[in-house]
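Student: model this:
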Amino acid sequence: MSTQQLEQLIALIDDANNQDPNIVSLEGVEWPKERLYSQRMTEMLFRFKPDASDIIQIAVRGQHIQRWQSLRSDYPEGKQGYHQWRTNLYTFHANRVAELMQQAGYQADTIEQVKNAVGKKSIKRNPDSQLLEDIAGLVFVEYYMLEFANKHPEYSEEKWMGIILKTWKKMSDDAHQFALAGGITLPVPLQSLIVKAIS
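Tutor: Numbers count the residues shown, from 1 in each chain. Sure thing, here's the model as predicted:
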């Protein structure tokens, strides 16, 4: 894999995510929502694993590719509908990244490795899948957990402890150590709750 090929693929993923109609504002700059998410994922990856392989760089950048095309509201309410939506999302994202990798001239075996990571195959056994899960968890805690909390003021402390623990358990020991050592910025209003949940 050449640097030029990787750069071409990242540009293709970014172009796809730039189509997101959902716009968010960050420090006065407007971003397509999934484009900003992918940027944050890449930045977190290089904070956590500066020597990350091309395969995981691609997987991290494309994890949420064109997510807005698959809506939660298209599926039944309740846990079963939620899990069906999530499972189909993993496949959708994996297939979209694979299509762009083919366009950029990647070999079939490399494409399959990325598909396995993006598709969340064999987490805890596949290092690429686990690393992607680590980055997603770290990004959620630093950038999105407070936003999620603000949308659900009705949640009890007990429910929040469960959400935090569920996120924590998905991550590896390396990611735990990174977070506890100050590798990420904990949202101030949730700091005490997060520390309480994981201690």
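Student: leaving out chain neighbours, which residue sits closest to Trp31?
Tutor: Leaving aside its chain neighbours, Trp31 sits nearest to Val24 (5.5 Å; criterion: Cβ to Cβ, 6 or more residues apart in numbering). Every residue, glycine included, has its C-beta placed from N, CA and C.
Student: looking at it, that neighbour is touching Glu34, isn't it?
Tutor: No - between Val24 and Glu34 there is no contact under Cβ atoms under 8 Å: 9.7 Å.
Student: look at these two and report which has more neighbours.
Tutor: Neighbour tally, Val24 and Glu34, criterion other Cβ atoms under 10 Å: the higher count belongs to Glu34, 24 against 15.
Student: pull out the buried residues from the lengthiest helix in the chain.
Tutor: Scanning the chain for the helix with the most residues, using DSSP state H, yields helix 79-103. Residues Trp85, Leu89, Phe92, His93, Ala94, Arg96, Val97, Ala98, Leu100, Met101 are the ones in helix 79-103 that count as buried (16 or more other Cβ atoms under 10 Å).
Student: separation between the fourth one and Pro153?
Tutor: Same thing as His93. To Pro153, His93 is 30 Å away according to Cβ to Cβ, to the nearest Å.
Student: now swap in Ile10 and tell me
Tutor: 38 Å.
Student: can you give me the helices in this protein?
Tutor: For the chain, applying DSSP H gives helices covering 3-17, 33-48, 54-62, 79-103, 108-118, 127-139, 145-151, 157-170, 173-180, 191-198.
Student: which of those helices has the highest mean neighbour count?
Tutor: helix 54-62 (a mean of 24; mean count of other Cβ atoms under 10 Å).
Student: packing partners of that one?
Tutor: Applying 3 or more Cβ pairs under 8 Å, 6 or more residues apart in numbering; DSSP states H and E, one finds that helix 54-62 contacts helix 3-17, helix 33-48, helix 79-103, helix 108-118, helix 127-139.
Student: turn these into TSV, including distance to Ala59 and mean pLDDT.
Tutor: As requested, the helices and strands packed on helix 54-62 are arranged in TSV below (distance: least, Cβ to Cβ, whole Å; pLDDT from 0 to 100):
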stretch	distance to Ala59	mean pLDDT
helix 3-17	10	96
helix 33-48	9	97
helix 79-103	7	93
helix 108-118	4	95
helix 127-139	5	95
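Student: out of these, which comes closest to Leu146?
Tutor: Proximity to Leu146, assessed across the helices and strands packed on helix 54-62 by Cβ to Cβ, is greatest for helix 127-139 (12.7 Å).
Student: gap between the two ends of stretch 115-123?
Tutor: End-to-end span of stretch 115-123 (Cα to Cα, to the nearest Å): 13 Å.
Student: mind listing residues that contact it?
Tutor: With Cβ atoms under 8 Å, 6 or more residues apart in numbering as the test, stretch 115-123 has contacts from 55-56, 59, 62-63, 90-91, 93-95, 97-98, 126, 128-133, 170.
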